[in-house]
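Engineer: Quick one, what's the 3D model for this:
(2 chains)
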Amino acid sequence: MITLLYFARLRETFGVASEQLMLPAGAATLESVRATLAARGGVWAHELAAGRAFRAAVNQAVASADTTVKAGDEVAFFPPVTGG
Amino acid sequence: MTVSVRVQAEDFDISRETAALRKDNPRIGAIASFIGVVRDLNEGDSVAEMTLEHYPGMTEKSITAIITDAQGRWQVMDALVIHRIGTLKPLDQIVLVVVTSAHRGDAFAACEFIMDYLKTQAPFWKKEQTGKGARWVDARAADDAAVQRWQTKS
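Structural biologist: Next comes the predicted model:
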């Protein structure tokens, strides 16, 4: 299991702030987690489509598609940041 | 040498923060600071208030990493970043960056670097209340460009 977190516009669009997810079979990467979520269809497919402007972090560090994800990790999806 | 990162709802006082940093340290010759403030206009619409959300844990880690990066590039003694969260109104202060150094060049550069990276790397998001309703602020290409200029410098 991994912990998924969503922030800002993505949290509102998905209607959930956090959830637990069983890791996809095989070697898991951020890309396989994204694909699993996008396969839910609807807003998930739309917001997490390849080419959409979202960012992700694994264990609170900025991650890319090939970043490894393992059981117990905290994976977050969020829009480009707008602080300051 | 002090590195301090605070995320808080409360306002801050630059005089008090600066005095605390330079207290009893005669090696400091320069202090550069930046304050970000809420404007009443964005993208042509008047903004009544905004709410700032962040990613607790990652926020502090990412800002600390930015400061560490700055310390590798310039002679920085102390660095302080305070970022507010929650509901803010026009005229409110949002963010404070203070850098101390022996000389002004390092202080100016490190302060600007920290702010540029914070804008594009630290996980904060603004939601504005305007006359047209609430909306999430979009990331600006100008902020990405500001960071890229540090990446092309040696």
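
Engineer: what's the nearest residue to the closest residue to chain A within chain B if we skip its chain neighbours?
Structural biologist: Residue of chain B nearest chain A, by C-beta to the nearest C-beta: residue B:124 (2.6 Å). (C-beta placed from N, C-alpha, C; glycine too.) In space, and not counting its chain neighbours, residue B:124 is closest to residue A:83: 2.6 Å by C-beta to C-beta, 6 or more residues apart in numbering or on different chains.

Engineer: sorry, back to before: what's near enough to touch the residue of chain B closest to chain A?
Structural biologist: By C-beta atoms under 8 Å, 6 or more residues apart in numbering or on different chains, the residues touching residue B:124 are A:81, A:82, A:83, A:84, B:52, B:53, B:54, B:59, B:83, B:85.

Engineer: Show me what it bridges to in the sheet.
Structural biologist: Beta bridges link residue B:124 to residue B:54, judged by DSSP bridges.

Engineer: So which residues on chain B come close to chain A?
Structural biologist: B:36, B:52-55, B:57-58, B:61-62, B:83, B:94-95, B:115, B:118-127, B:136-140 (C-beta under 8 Å from any C-beta of the partner chain).

Engineer: Using neighbour counts, trim those residues to the buried set.
Structural biologist: For the residues of chain B next to chain A, a neighbour count by 16 or more other C-beta atoms under 10 Å in any protein chain shown gives the buried set as B:36, B:52-55, B:58, B:61-62, B:83, B:94-95, B:115, B:118-127, B:136-137, B:139.

Engineer: The chain: helices as residue ranges?
Structural biologist: Picking chain A for this. A:8-14, A:30-38, A:42-47 (DSSP state H).

Engineer: Chain B, not that one
Structural biologist: Taking DSSP H, the helices of chain B run over residues B:14-22, B:58-73, B:104-121, B:141-152.
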